[in-house]
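Undergrad: A structural model of the following input is requested.
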Amino acid sequence: MEACNSYYYATRDPLGRDGDFTTAPEISQMFGEMVGAALADVWVNAGKPADAIYAELGPGRGTLAADALRVLRGAGFSGEVHLVEMSPILRDHQARNVPDAQWHDSLQDLPAAPLLLVANEFFDALPVRQFVSGVERKVTIAAGGLAFDRDGEIVEDSPVQEAAVSAIATCLTQCGGVALVIDYGHDRSAPGDTLQAVRGHRYVPTLVDPGEQDLTAHVDFEALGRVAKDAGAAVTKVVTQGSWLNSLGIGARAAALATANPQRVEELEIAVDRLCHEEQMGQLFKVMAIRSPDWPVPAGFGE
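TA: All right, here's what the predicted structure looks like:
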């Protein structure tokens with residue numbers, strides 16, 4: 001999975017109508033603006049630390065960063081921008097959208113500073129392991145193609161995901177800040193095969209054409225939260241993307257944009273529906289905040 005995704009992201013822009021999938025920031029500017037509003041609010045309530053930085057993991061085309069930073073800058077934030085991205089193709093897009101950014105190959109390379117960090121659809125692309133009856137499931141060659149070596153009830157874990165969230169939580173604990181984790185997945189650990197492949201906006205067999213399709217797995221938010229707490233960070237409850245965006249005021253933002261741009265009314269209604277409705281992204285996608293124990297709880301979590 002790691003090898004396939006490394007090649008996949010290094011050799012194409014997978015986003016948009018002509019790509020393989022569309023992420024929330026590409027659906028509407030309102031998504032990034034809500035992220036920026038949440039970060040601006042928590043930064044202000046934390047006392048506006050001047051050394052705080054904006055950081056994003058797997059920032060796609062830089063669309064989310066550009067929209068979020070527009071709101072953050074409006075609130076007085078003037079900190080540096082750091083993007084963790086290995087794909088040269090996506091870095092080119094990001095450079096156009098966020099020209100003042102600095103790039104890193106690994107989140108471990110981020111500066112030791114208070115973080116305003118966003119990980120939107122980042123963890124789902126990190127490799128998982130699968131086990132059947134306690135034995136790790138592997139890929140083998142059969143009949144000239146690839147096949148799994150065993151079937152049965154599957155339990156997944158991801159040491160790579162856990163290492164990443166541990167590094168984030170350690171930095172937050174030591175330096176301050178907050179991280180927003182937004183992804184599709186489940187709020188409670190449970191058995192099940194969630195590995196999937198997408199190509200041309202359709203699900204396809206996971207072992208066909210390795211490196212030519214997007215491989216992801218559902219994020220286990222309970223496991224991530226447990227690792228973050230073990231590293232000393234505070235963790236909010238997990239909420240759905242729909243409830244989070246609605247509590248932050250996406251409806252009011254859509255109304256304001258519609259008033260200023262009457263020709264966009266239908267477009268804005270469709271965007272809010274895609275982002276928030278439970279049969280679209282609203283229910284499957286979850287949001288969790290990890291923070292320094294010294295920082296306030298971000299808005300939108302009902303705490």
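Undergrad: Mind telling me what element residue 151 is part of?
TA: For residue 151, there is no host helix or strand (DSSP states H and E).
Undergrad: Now do the helices in the stretch 201-303 of the chain.
TA: 221-230, 241-248, 250-260, 265-276 (DSSP state H, counting those that start in this stretch).
Undergrad: Could you export these to TSV, including columns for mean neighbour count, distance to residue 283 and mean pLDDT?
TA: The way it works is simple: take the backbone N, C-alpha and C, and place the C-beta from them, glycine included. TSV is the format used below for the helices of the stretch 201-303 of the chain (neighbours: other C-beta atoms under 10 Å; distance: least, C-beta to C-beta, whole Å; pLDDT from 0 to 100):
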stretch	mean neighbour count	distance to residue 283	mean pLDDT
helix 221-230	19	14	98
helix 241-248	22	6	97
helix 250-260	15	15	95
helix 265-276	17	9	95
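Undergrad: And residue 93, how far from residue 59?
TA: Residue 93 sits 9 Å away from residue 59, going by C-beta to C-beta, to the nearest Å.
Undergrad: How about residue 215?
TA: 19 Å.
Undergrad: Just list the residues touching residue 149, thanks.
TA: 137, 138, 139, 140 (C-beta atoms under 8 Å, 6 or more residues apart in numbering).
Undergrad: Quick check: bridge partners of the last one?
TA: So the one you mean is residue 140. Using DSSP bridges, the beta-bridge partners of residue 140 come out as residue 147.
Undergrad: My guess is it contacts residue 147. True?
TA: Yes - assessed by C-beta atoms under 8 Å, residue 140 is found in contact with residue 147 at 5.9 Å.
Undergrad: Give me the neighbour count for the spatially closest residue to residue 183 that is not a sequence neighbour.
TA: In space, and not counting its chain neighbours, residue 183 is closest to residue 219: 4.4 Å by C-beta to C-beta, 6 or more residues apart in numbering. If you count neighbours by other C-beta atoms under 10 Å, residue 219 ends up with 31.
Undergrad: In contact with residue 219, which residues?
TA: 123, 124, 161, 181, 183, 184, 185, 186, 286.
Undergrad: Could you work out the end-to-end span of stretch 52-67 for me?
TA: Taking C-alpha to C-alpha, to the nearest Å, stretch 52-67 runs 18 Å from one end to the other.
Undergrad: quick one: residue 107 and residue 164 touch, right?
TA: Yes - taking contacts as C-beta under 8 Å, residue 107 lies within contact range of residue 164: 6.3 Å.
Undergrad: Give me the distance between residue 208 and residue 148.
TA: 13 Å.
Undergrad: Between these two, which has more neighbouring residues?
TA: When residue 208 and residue 148 are compared on other C-beta under 10 Å, the one with more neighbours turns out to be residue 148, at 17 against 12.
Undergrad: So what's the residue count around the closest residue to that one other than its chain neighbours?
TA: Closest residue in space to residue 148, ignoring its immediate chain neighbours: residue 137 at 5.7 Å, by C-beta to C-beta, 6+ apart. For residue 137, the neighbour count with other C-beta under 10 Å is 19.
Undergrad: Equivalent analysis for the one 4 residues further on, please.
TA: Residue neighbour count, defined by other C-beta under 10 Å, stands at 8 for residue 141.
Undergrad: now residue 218
TA: Using other C-beta under 10 Å, residue 218 has 21 other residues around it.
Undergrad: Would you check how far apart it and residue 95 are?
TA: On the measure of C-beta to C-beta, residue 218 and residue 95 end up 32 Å apart.
Undergrad: Could you do residue 71 as well?
TA: 21 Å.
Undergrad: Model confidence score at the residue nearest to the spatial centre of the chain, please.
TA: Residue closest to the average C-alpha location in the chain (C-alpha atoms, centre = their mean): residue 120, at 1.6 Å. At residue 120 the predicted local confidence, pLDDT, stands at 97.
Undergrad: same deal with the one 4 residues further on?
TA: According to the prediction, residue 124 has pLDDT 97.
Undergrad: doesn't residue 214 make contact with it?
TA: No - counting by C-beta under 8 Å, residue 124 does not reach residue 214; the two are 9.5 Å apart.
Undergrad: With neighbour numbers in mind, choose between the two.
TA: Each of residue 124 and residue 214 has its neighbours counted (other C-beta under 10 Å); residue 124 has more, 23 against 20.
Undergrad: so how far is residue 112 from that one?
TA: If you measure residue 124 against residue 112 using C-beta to C-beta, the figure is 27 Å.
Undergrad: swap in residue 163?
TA: From residue 163 to residue 112 the distance is 18 Å (C-beta to C-beta).
Undergrad: which one of those two has more residues nearby?
TA: With neighbours defined as other C-beta under 10 Å, residue 163 and residue 112 compare such that residue 163 has more, 14 against 9.
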